[in-house]
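Generate a structure from the sequence data that follows.
(2 chains)
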Amino acid sequence: MAQATNVGGHQSGLAATLRKDNWWFEAAWTGIGFLIFAIYTTWAALQGDHYWHGSYLSPFYSPVFFTDPSAAGAAPEAHAWFGLFPDSLKAIWPSFIPLSPAILILIGPLSFRMTCYYYRKFYYRSYFMTPPACAVGGRPQKYKGETAILVFQNIHRYTLYIALTYIVILYYDAIISFSRDGELGIGVGSVILLINPTLLAFYTCGCHAFRHLVGGQLDCFSCSDSAKSRYGIWQKVSNLNSRHMLWAWVSMIWVGLTDLYVRLVSMGVITDLNTWGS
Amino acid sequence: MAERTIRIWRGDENGGEFVDYQVEVDEGMVVLDVIHKIQAKDANDLAVRWNCKAGKCGSCSMEINGRPKLSCMTRMNEYEPDELITVQPVKTFPIIKDLVTDVSWNYEQNKRIKPLLPKADAAGKDFIMMQEDVDRVQEFRKCIECYLCQNVCHVLRDQDKKGEFVGPRFMIRLAGLEMHPVDAADRIPQIRDEFGSGMCNITRCCTDVCPESIGLTDNAIIPIKERVVDRYYDPVAWIIRKMSGADEKREAEEKAADAKQAELQKTV
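Model prediction:
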């Protein structure tokens, strides 16, 4: 690629830099890592089967609004909030998309991640290349930041409310996974399902919008008793926030692995070690 | 002692070129020491701005092997013994000569920011700030105005949007004022419409290069963006403000503070 040299010895153009370190590495691994997750999630969501085993429910399919018990490894009707897929919904369901309960609910958690301040950093770098790394030439364009079409990023706090709701639902799923046919027990799957919302809670409760709402929006932390209480919460959220990137990745990988575990157990590829013996 | 090759950009606003210098490097030297040695022995007319040599004045910002750094805080032993070290001026600001750039645009931005406006009941007196309130804004006061953050910010550096974005250094000044417990001024409309909070896309390079380790992105820019969301993009917050009369209270507080300032000015 031709690189014009400007006054000061600076080069212009995409990826132009005098940096000698592997500046491309972070953008590459985060871009590829998220792409793998996105491909797996899309594939898993489109399957519409093998998301349930015993009392285990894949987080990609939770909550189950409607179920189709004829699909292998589908949730029982009793576990679906609104029962079987209604004919009216089946009538408008696009024929090229499998009848999958995940399609109806994945937009919630995905919208939270896509508008997250950390994810914005990495995908602006990895995919938009504005810029690909610090002091490295960005993609030439009519840059408008988050003032034009990307102004939608400001819905992040609403997606936060959705994400918090999902954590409650996933904890419910985790708790009921310790009971099968009325018998209390424990399995590797139930432990995996319990860790999942915990990691998601660390990620979600360390979110910048949450940090702002719990106390960051105050100008004075010491001016009232309620402000002092909120300051205490803000400090704890700030601790989580300082590792927001870590929790973002760990929780994302874990949620994918949780789906994979439930899927493989449901398919009979692996056997779940548990006290129920099934 | 080891002989090293240092490549320095020489020139002015009309153009220039990289010039290689061979220099004996002693143990413990920083890049600025080496530049001074070249200036003393080989290039008396080499222009470089510096002052404290302790990472506290923010004068000696430049780009070393493509990375924005303070030359006084960059040790020579960070680089491999046979590594060519390339030194050039910061990219974002106009060049005066060699490694010296004209950063006066930053001072003009600073003047645009409405200074602290003490609330009417606090004006003209000493006010006590509790430690928890001090901690949050004190971080921003560590800024040494090296403008490395301004230099690396791609909105200013690559996109050249100086007319639309004030830059990370001034976002932290704005954050420090907006979070100040006795400040009554409302800068949020200006932050969105004139200072360009929406132009920042949170790629965090400002935080990465800050020699004072200020959390520009997490502690200043994002909180400021969230305050803009409160005001302009959150209908629930809007309803709560309308029902509680918070908007009217804020406006009345600012008017009273302005009136108090005018009164104090007359007294002086």
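
Spit out the contact partners of B:V166.
B:V166 makes contacts with B:Q109, B:R112, B:L174, B:E194, B:F195, B:G196, as judged by Cβ atoms under 8 Å, 6 or more residues apart in numbering or on different chains. C-betas here are computed from N, CA, C, even on glycine.

Spit out the contact partners of the closest residue to A:L257 other than its chain neighbours.
Nearest non-adjacent residue to A:L257, counting by Cβ to Cβ, 6 or more residues apart in numbering or on different chains: A:I192, 7.6 Å away. For A:I192, the contacting residues are A:L257, A:T258, A:Y261, by Cβ under 8 Å, 6+ apart.

Looking at those, which is nearest B:L32?
A:L257 (49.7 Å; Cβ to Cβ).

Helix, strand, or coil at the closest one?
State at A:L257, reduced to three classes by DSSP: H, G, I helix; E, B strand; the rest coil: helix.

for chain B, which spans come out with low pLDDT?
Where chain B drops to pLDDT under 70, the residues are B:1, B:268.

Next, the residue sitting nearest the centre point of it: secondary structure please.
Among the residues of chain B, the one closest to the centroid is B:R169, at 2.6 Å (Cα atoms, centre = their mean). Assigned by three-state DSSP, the conformation of B:R169 is helix.

can you check A:N22 too?
coil.

quick one, phi/psi of it?
phi -80, psi 70 (degrees, to the nearest 10).

Can you tell me the element the residue nearest to A:L257 falls in?
helix A:188-204 (DSSP states H and E).

hang on, the earlier thing: now, among the contacts of A:I192, which is nearest to chain B?
A:L257 (27.8 Å; Cβ to the nearest Cβ).

Count residues in the vicinity of that closest one, would you?
14 (other Cβ atoms under 10 Å in any protein chain shown).

cool, and A:G182?
5.

Can you classify the closest residue to A:R125 other than its chain neighbours by secondary structure?
Spatially, and ignoring its direct neighbours in sequence, A:R125 is nearest to A:A27 (4.8 Å; Cβ to Cβ, 6+ apart). Assigned by three-state DSSP, the conformation of A:A27 is helix.

And the one 10 residues further on, by the same measure?
Here A:F37 takes the helix state, with states given by three-state DSSP.

contacting residues around it?
Applying Cβ under 8 Å, 6+ apart, the residues contacting A:F37 are A:M252, A:I253, A:G256.

mind putting those residues in TSV, neighbour count, pLDDT and distance to chain B included?
Below are the contacts of A:F37 laid out as TSV (neighbours: other Cβ atoms under 10 Å in any protein chain shown; pLDDT from 0 to 100; distance: Cβ to the nearest Cβ, whole Å):
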residue	neighbour count	pLDDT	distance to chain B
A:M252	20	97	18
A:I253	14	98	22
A:G256	17	97	25
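
In CSV, list the contacts of B:V166 along with secondary structure and distance to chain A.
Converted to CSV, the contacts of B:V166 look like this (DSSP: H, G, I helix; E, B strand; the rest coil; distance: Cβ to the nearest Cβ, whole Å):
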residue, secondary structure, distance to chain A
B:Q109, helix, 17
B:R112, helix, 19
B:L174, helix, 13
B:E194, coil, 12
B:F195, coil, 12
B:G196, coil, 7
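
Could you pick out the buried ones from those residues?
Neighbour-count burial (16 or more other Cβ atoms under 10 Å in any protein chain shown) applied to the contacts of B:V166 gives B:Q109, B:L174, B:F195, B:G196.

For A:A148, state which of the contacts of A:F37 is nearest.
A:M252 (28.1 Å).

just to revisit the earlier point, which one of the contacts of A:F37 sits closest to B:D186?
Closest to B:D186, out of all of the contacts of A:F37 and judged by Cβ to Cβ, is A:M252, at 38.6 Å.

so what's that closest one up against?
Contacts of A:M252 (Cβ under 8 Å, 6+ apart): A:F34, A:F37, A:R113.

now the helix or strand it falls within, how far from the chain's geometric center?
Counting by DSSP H and E, the element that carries A:M252 is helix A:244-267. Averaging C-alpha positions (Cα atoms, centre = their mean, to the nearest Å) puts helix A:244-267 10 Å from its chain's average.

okay, the angle between it and helix A:188-204?
160 degrees (axes from the mean of the first three to the mean of the last three Cα atoms, to 10 degrees).

Buried residues in helix A:244-267, which are they?
A:244-245, A:247-252, A:254-256, A:258-263, A:265-266.

check contacts around A:R230.
A:R230 neighbours (Cβ under 8 Å, 6+ apart): A:V214, A:G215, A:L218, A:F221.

can you do 7 Å?
Contact criterion Cβ atoms under 7 Å, 6 or more residues apart in numbering or on different chains gives A:V214, A:G215, A:L218 as the residues in contact with A:R230.

right, and the last one touches A:A227 too?
Spelled out, that is A:L218. Yes: with contacts counted by Cβ atoms under 7 Å, A:L218 reaches A:A227, the gap being 5.5 Å.

A:A44 contacts A:F60, correct?
Yes: judged on Cβ under 7 Å, A:A44 makes contact with A:F60 at a distance of 5.4 Å.

quick one, strands of the stretch 101-250 of chain A?
A:179-180, A:183-184 (DSSP state E, counting those that start in this stretch).

Just give the strands next to the first one in its sheet, each with its orientation.
Right, the one you point to is strand A:179-180. Taking DSSP bridges as the criterion, strand A:179-180 sits next to strand A:183-184 (antiparallel) in its sheet.

Good, we can wrap up now.
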